[in-house]
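K.L.:
next comes the sequence, and after it the predicted model I'd like to discuss.
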Amino acid sequence: MRSKVMLRFVGSFLQVFGALVLLPLLVNIYYQGPEVAAIGFLTSAGTALIMGTALKLYSDAGSPSVSEAMLATVLGWFLATIIGAMPFIPYMTVIDAIFESSAGITTTGISMVAEPSKLPQSVLFWRSFMQWIGGLGILTFFIAVVRESGGASRRLFSAEAHKTDSGSIRPSLTKSVAALWKVYGFMTALIIGTFIAFRVSVFESLLHGFSTISTGGFSTEGASIAAYNSPGLEAFTVLFMFIGGVNFVLLHKFFRSEFSPLWKSSEFRLYTKIFLAVAAVMSLELWMKTSNIGHSVLDGAFQAAAVVSSTGYSTMSFMAFSSAIQLVIVAAMFVGGSLGSTAGGVKVFRLKTLFELLKTRLRAYNLPQTAINEVKIDGEILESSTVRTISVLFFSWIAVVFVSTLLTLVAEDVSLMAAMSGSVSAASNMGPLFLEGEQLRALTPFTKILWSVVMLAGRLEMLPMLAIFNSKLLKDSK
């Protein structure tokens, strides 16, 4: 590995990240926020800009290999987490600040903040803005910076968490990313406008626009969307959360009046079926408890959309559900949304691929050895290397969740369901977990750091993070 080549790309990324940190500083000036908040943003931005410039001066030019691109991705996200935590430190412990930053940058809805409304507006802005820039992928900014490297950008993009595997939009990778950001920006504006229409303040609408389309889930209120006591707003939020879990390539085509790709996508159909199934079982249980079918359907649909899309919003405690429904919730969190979306999880496309692989194995018993028996998705045969990669990813996800759950049980006095839900929520960048707020904030520093690392691993879809433990990858070369 050529460390000087790799560090050049990390340096470019940090320069972009440092510039982004200056935006909440402007918010702090506008709202005449506290001086300590301004110092936090200046420290964070200055650290990123100085470190980025230093790395670029030290580095060498060149196109990175795949391993170098993967390591640059991991190092970039790790440094963004640490630097992004600096503005939170005046308001919480260092460990909690790192956890909050990791949850923000990975769009995980788990928060250490009990009452967000007590934070300065600039810090609230930074929490949600982190989720927005992390939603479609911070490294899309990075790709724009290094687009002159040609193949390097494509390698970096393939190492990023949520690549668009459902077909290209435009011949140029940079133009494809720009087209996706147009969809992202349009949906953000639509959500902001909807919140304003329901008489939410412009500032809070802006922040919920950031955290809804990114499927991040940070809210300005401790009670999340329930604080607004608006069934109409909740219904629209269900729709927006669901859209956040849809492949953005398909959304781009849909907005260009190309409707058939969306309806023909087996992943979208399965994603919809999972949402409807989870919403149905939740609503049924709530109806049996309350006898109010209207509220039950809305609450069930809201919680289901929050889970399948990996958005951390809620209008009720997940502890209110029975053990059976809690298990359904954990399973839905593990699966997540669509490939190429802002959602977390192992992804519906990969789950469907594994189902199809199972069907091919079962069919093989009744077919002659010369018969063609391959995995097909939407009429196309998947390459065996793709199927192998998906299998490895699925195993990696299970292994990481298992180890995280085990270590959490060793370190904490919590139930198996609490430890497992927290690990799945972190790995899948979700948010819901079966711990009360005070129990979450009382976790040991070890567990908080563990879950922060698991969040990053999940956002990078495991393999880049696991690859850094390969000694041959880290070995420097000329």
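P.N.:
Arrived safely, thanks for sending.
K.L.:
make sure N429 is actually in contact with L456.
P.N.:
No. Between N429 and L456 no contact is recorded; they are 9.5 Å apart, counting by Cβ atoms under 8 Å. (C-beta placed from N, C-alpha, C; glycine too.)
K.L.:
quick one: mean pLDDT for stretch 238-254?
P.N.:
For stretch 238-254, mean pLDDT rounds to 93.
K.L.:
buried stuff in it?
P.N.:
Residues of stretch 238-254 classed as buried: 238, 240-254 (neighbour count, 16 or more other Cβ atoms under 10 Å).
K.L.:
and the residues you listed, which is closest to S101?
P.N.:
For these, the residue nearest S101 by Cβ to Cβ is G244; the value is 21.2 Å.
K.L.:
element containing the nearest residue to the closest one once chain neighbours are set aside?
P.N.:
Distances taken as Cβ to Cβ, 6 or more residues apart in numbering put T215 closest to G244, at 4.2 Å, once the chain neighbours are dropped. Assessed by DSSP states H and E, T215 sits outside every helix and strand.
K.L.:
roughly how far does T215 sit from S122?
P.N.:
Note on T215: its distance to S122, by Cβ to Cβ, to the nearest Å, is 23 Å.
K.L.:
what of L298?
P.N.:
34 Å.
K.L.:
ok, back up a step: which neighbours do N429 and L456 have in common?
P.N.:
Contact criterion Cβ atoms under 8 Å, 6 or more residues apart in numbering; residues shared by N429 and L456: T106.
K.L.:
of those two, who's got more company?
P.N.:
N429 (33 against 23; other Cβ atoms under 10 Å).
K.L.:
could you report the pLDDT at the residue located most distally from the centre of the chain?
P.N.:
Computed with Cα atoms, centre = their mean, the residue of the chain farthest from its C-alpha average is P368, at 43.9 Å. Note on P368: pLDDT of 79.
K.L.:
before we move on, what about E438?
P.N.:
Reported pLDDT for E438: 86.
K.L.:
check A320 too.
P.N.:
88.
K.L.:
and if you look at A223?
P.N.:
88.
K.L.:
and for V146?
P.N.:
Here the pLDDT value assigned to V146 is 48.
K.L.:
go on, A152?
P.N.:
47.
K.L.:
surely the residue farthest from the centre of the chain is in a strand?
P.N.:
No. Under DSSP: H, G, I helix; E, B strand; the rest coil, P368 falls outside any strand and is assigned coil.
K.L.:
for it, grab phi and psi.
P.N.:
phi -70, psi 160 (degrees, to the nearest 10).
K.L.:
leaving out sequence neighbours, find the closest residue to the residue nearest the centre of the chain.
P.N.:
In the chain, the centroid-proximal residue (Cα atoms, centre = their mean) is T107; its distance is 4.1 Å. Spatial nearest neighbour of T107, excluding adjacent residues (Cβ to Cβ, 6+ apart): G216 at 3.9 Å.
K.L.:
what about the one you found, distance to L206?
P.N.:
14 Å.
K.L.:
residues shared between the contacts of the two?
P.N.:
S128.
K.L.:
which residue ranges of the protein form strands?
P.N.:
376-377, 380-381 (DSSP state E).
K.L.:
tell me which of those strands is the most buried.
P.N.:
Of the strands of the chain, the one with the most neighbours on average (mean count of other Cβ atoms under 10 Å) is strand 376-377, at a mean of 14.
K.L.:
chain center to that one, what's the gap?
P.N.:
26 Å (Cα atoms, centre = their mean, to the nearest Å).
K.L.:
parallel or antiparallel, list what pairs with that strand.
P.N.:
Sheet pairing for strand 376-377, assigned by DSSP bridges, gives strand 380-381 (antiparallel).
K.L.:
for the partner strand, the averaged confidence score.
P.N.:
Strand 380-381 comes out at a mean pLDDT of 86.
K.L.:
that older thread, with neighbour numbers in mind, choose between T215 and S122.
P.N.:
T215 (34 against 24).
K.L.:
any idea how far the more buried one lies from G422?
P.N.:
Where G422 is concerned, T215 sits at a distance of 18 Å (Cβ to Cβ).
K.L.:
buried residues, stretch 407-417. List them.
P.N.:
Result for stretch 407-417 [16+ other Cβ under 10 Å]: buried residues L407, T408, L409, A411, E412, V414, M417.
K.L.:
nearest to T311 among the residues you listed?
P.N.:
Out of the buried residues of stretch 407-417, the member with the shortest distance to T311 (by Cβ to Cβ) is M417, at 21.2 Å.
K.L.:
isn't the closest one right up against S322?
P.N.:
No. When contacts are counted by Cβ under 8 Å, M417 is not listed as touching S322 (11.6 Å).
K.L.:
quick one: low-confidence parts of the stretch 51-200 of the chain?
P.N.:
62-66, 138-174 (pLDDT under 70).
K.L.:
which stretches of it form helices?
P.N.:
Taking DSSP state H, counting those that start in this stretch, the helices of the stretch 51-200 of the chain run over residues 66-84, 94-105, 121-135, 139-145, 151-159, 173-197.
K.L.:
can you put the ones you listed in JSON lines and add distance to G294?
P.N.:
Shown next, in JSON lines, are these (distance: least, Cβ to Cβ, whole Å):
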{"stretch": "helix 66-84", "distance to G294": "41"}
{"stretch": "helix 94-105", "distance to G294": "33"}
{"stretch": "helix 121-135", "distance to G294": "30"}
{"stretch": "helix 139-145", "distance to G294": "41"}
{"stretch": "helix 151-159", "distance to G294": "45"}
{"stretch": "helix 173-197", "distance to G294": "21"}
